[in-house]
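Trainee: let me see the structure of the following:
(one chain, ligands or ions: 1)
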Amino acid sequence: MPTQTVSSQKPQPSLELDHVSRVYDGRPVVRDLSLRLEPGQVTCLLGPSGCGKSTTLRMAAGVERQDSGRVLSEGRVLSDDAIHLPPERREIGLMFQDFALFPHLTVADNIGFGLRALSGRERARRIGDLLDRIGLPGFADSFPHQLSGGEQQRVALARALAPQPRILLMDEPFSGLDNRLRDEIRDETLSLLKEEGTTVLLVTHEPDEAMRMADQICLMRQGRIVQSGAPYNVYNTPVDRDAAAFFSDINVVRGVSRNAITETPFGQFLTPGFGEEENVEIIIRPQHLKLDFDRSGSGPNPTPQDGAPARGLVERARFMGHESLVEMRMEYDGSMLKATIPGVFLPQAGTPLWMSLRRDRCFVFPAGTRRGATAPQK
Ligand SMILES: Nc1ncnc2c1ncn2[C@@H]1O[C@H](COP(=O)(O)OP(=O)(O)OP(=O)(O)O)[C@@H](O)[C@H]1O
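Mentor: Numbering: from 1, shown residues only. Got it, this is the predicted structure:
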C-alpha cells in the first residue's frame, strides 16, 4: 500500500486533517484547517451555511482533494502532495443528507450491500442484528418506497454501519426529517454509534443537533475552526460574540473601559487588558438575565453574584411553551434586553421590573472584534 507512517508520541487520532486548505475559483473556502477525530468520539463540524463544512468532510472522505495539507488516519498518510487514497481505500463510511437507498433492492439487500465479502450466513446474521437494533426486525423484505422517512433513515444508518467502518462521515444526515422524528432518530443513531464504537465526523448547521450529539464541537466560520471543545465548554466559554450568538439569542450591554473598569447600568465590570477608552461589550444569554418585581421604586440589593439591578419596563411578554420570553426596555438608555423565564410569566406591557445579570454567565469582549475573548467575570 503506498502509504507512509508518521511517528508521534501522542495517541493517534482515528482521522486527522493537518493544515488543509481548499480554494474554489480563486476563493478560499477552507483555510489552513486542522482537526483530530478521537477514537469512538462524535465530532460535530458546526457552522453557518457556506462556511466550508461539507468541503472539509469531502476532503476527509477523499471525494475531494485538498490544495495543501495532509489527511492522516492513525498516523498513516491518506492524502498529501504525493499520495491520494480514494474513498474506498480509507475504511470510511459515508452518509449524506439524501441518503438515497437503492430503490430496486430490499431493505436487507440495501443493508447488506457493503457485505459482499462475507459468507451468506455471516451476512444474514449481521443484517438481522442491525435490523433488530434499528427497531425494524420485520422489514427485511420491504422496499424503500414502502418505508416512512424515519424508517428509511434508520436503514441508511444500518447500511453505513454494516461493514463496521472505523470512521463514519455524516453530512446533515437528519435534515430531511420533521422536527419531532428528528430528535428521536438522533438519539437512536447516537446509541447505535456508541454501541459500535464508531468514530464520527458529523456536519451540521444546527447548534441543538451538535449539542445533542457531539463529544466535541468544532465551530467553523469562513473556512476556519474558530473554537473547539466539549459542548459544555463551547457553549459556556465562547471565544467571541458571534460564537456566543451562534447558540442562542444574546443580550449586549455596552460600555467603555477606563482604568480597567467598565461602568454599566448593572454596576462595574473589571476589564483588565482593555485599552483606555476602549469600547466593551458585555454579552449575556436571555436565560441568565434575572427579573425582580419593583417594590415602590426599588429593586433587589446588589450582590457580588448579580451586581447591581437596573430598572426597565416590560415591552412585551410571550409564552413559548416551556418558558416565557420577556422583552424589557431599559430606563437607562431605552435599549432592549430579553429574559427567558421558566414556566408561565406574562407581565403586562409597561410593568416596571428590575433586571440583573448573573456575573458568572457574562462574557466580556472588546466591541466589534472576533476571537478576543477574556475569561467570564467571577
Ligand atoms: N464544487 C464547488 N465549486 C465551487 N464552489 C464550491 C464547490 N463546492 C462548494 N463551493 C462553495 O464553497 C463554499 C463552502 O461550501 P460548503 O458546501 O463546504 O459549505 P457548508 O458549510 O457545508 O454549507 P451548507 O451548510 O450550506 O452545505 C460555498 O460558498 C460553496 O458555494
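
Trainee: tell me who's in contact with the residue of the stretch 101-250 of the chain found nearest the ligand.
Mentor: Relative to the ligand, the nearest point of the stretch 101-250 of the chain is residue 205 (4.8 Å; C-beta to the nearest ligand atom). All C-beta atoms are positioned from the backbone trio N, CA, C, and that covers glycine. Counting by C-beta atoms under 8 Å, 6 or more residues apart in numbering, residue 205 touches 46, 47, 48, 49, 53, 172.

Trainee: now the second one: how far from residue 265?
Mentor: Counting by C-beta to C-beta, to the nearest Å, the gap between residue 47 and residue 265 amounts to 34 Å.

Trainee: near the ligand, which of the contacts of residue 205 show up?
Mentor: 47, 49, 53 (C-beta under 6 Å from any ligand atom).

Trainee: those residues, buried ones only, as a ChimeraX selection?
Mentor: This is the ChimeraX syntax for the buried subset of those, where burial follows 16 or more other C-beta atoms under 10 Å:
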select :47,53
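
Trainee: just send the ones next to the ligand among the contacts of residue 205 back as a markdown table, with pLDDT too.
Mentor: Formatted as a markdown table, those follow (pLDDT from 0 to 100):
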| residue | pLDDT |
| --- | --- |
| 47 | 96 |
| 49 | 92 |
| 53 | 96 |
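
Trainee: for the ones next to the ligand among the contacts of residue 205, give me CSV that also has secondary structure.
Mentor: Shown next, in CSV, are these (DSSP: H, G, I helix; E, B strand; the rest coil):
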residue, secondary structure
47, coil
49, coil
53, helix
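
Trainee: between the ones next to the ligand among the contacts of residue 205, which is closest to residue 36?
Mentor: Set against residue 36, the nearest of these by C-beta to C-beta is residue 53 (16.5 Å).

Trainee: show me the contacts for residue 213.
Mentor: 42, 44, 186, 189, 190, 202, 204.

Trainee: which residue, neighbours along the chain excluded, lies closest to the fourth one?
Mentor: It stands for residue 189. residue 157 (5.7 Å; C-beta to C-beta, 6 or more residues apart in numbering).

Trainee: next, count neighbours for the one you found.
Mentor: 25 (other C-beta atoms under 10 Å).

Trainee: that one and residue 253, how far apart?
Mentor: Residue 157 is 45 Å from residue 253, by C-beta to C-beta.

Trainee: go on, residue 79?
Mentor: 47 Å.

Trainee: go on, residue 91?
Mentor: Relative to residue 253, and taking C-beta to C-beta, residue 91 is found at 51 Å.

Trainee: neighbour count: these two, which is higher?
Mentor: residue 253 (25 against 15).

Trainee: in contact with that one, which residues?
Mentor: Counting by C-beta under 8 Å, 6+ apart, residue 253 has contacts 264, 265, 266, 281, 282, 284, 337, 357.

Trainee: what strand or helix carries it?
Mentor: Secondary structure assignment for residue 253, by DSSP states H and E: strand 251-258.

Trainee: and that strand, what's buried?
Mentor: Quick answer for strand 251-258 (16+ other C-beta under 10 Å): 251, 253, 255, 256, 257.

Trainee: and if you look at stretch 74-89?
Mentor: Neighbour-count burial for stretch 74-89 [16+ other C-beta under 10 Å]: 74, 75, 76, 77, 78, 79, 80, 85, 87.

Trainee: so is the fifth one in a helix, a strand, or just coil?
Mentor: Of the three states, residue 78 takes strand according to three-state DSSP.

Trainee: so what's the residue nearest to residue 189 up against?
Mentor: Here residue 157 is in contact with 95, 134, 173, 189, 192 (C-beta under 8 Å, 6+ apart).

Trainee: from the residues you listed, which would you call buried?
Mentor: Of the contacts of residue 157, these count as buried by 16+ other C-beta under 10 Å: 95, 134, 173, 189, 192.

Trainee: now the one helix or strand the fourth one maps to: mean pLDDT?
Mentor: Going back to what we said before, that points to residue 189. Assessed by DSSP H and E, residue 189 sits inside helix 179-196. The pLDDT scores in helix 179-196 average 87.

Trainee: what is the subsequent helix or strand relative to that helix?
Mentor: strand 199-204.

Trainee: with just CA atoms, put that next one into CSV.
Mentor: The C-alpha trace of strand 199-204 is given here as CSV (Å, rounded to 0.1, in the frame of the first residue of the first chain):
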residue,chain,number,x,y,z
THR,A,199,-15.6,7.4,15.3
VAL,A,200,-17.8,10.0,13.7
LEU,A,201,-17.5,13.3,11.9
LEU,A,202,-20.9,14.9,11.7
VAL,A,203,-21.6,18.1,9.7
THR,A,204,-24.5,20.2,10.8
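
Trainee: what's that strand packed up against?
Mentor: Packing partners of strand 199-204 (3 or more C-beta pairs under 8 Å, 6 or more residues apart in numbering; DSSP states H and E): strand 27-37, strand 42-46, helix 53-61, strand 167-171, helix 207-213.
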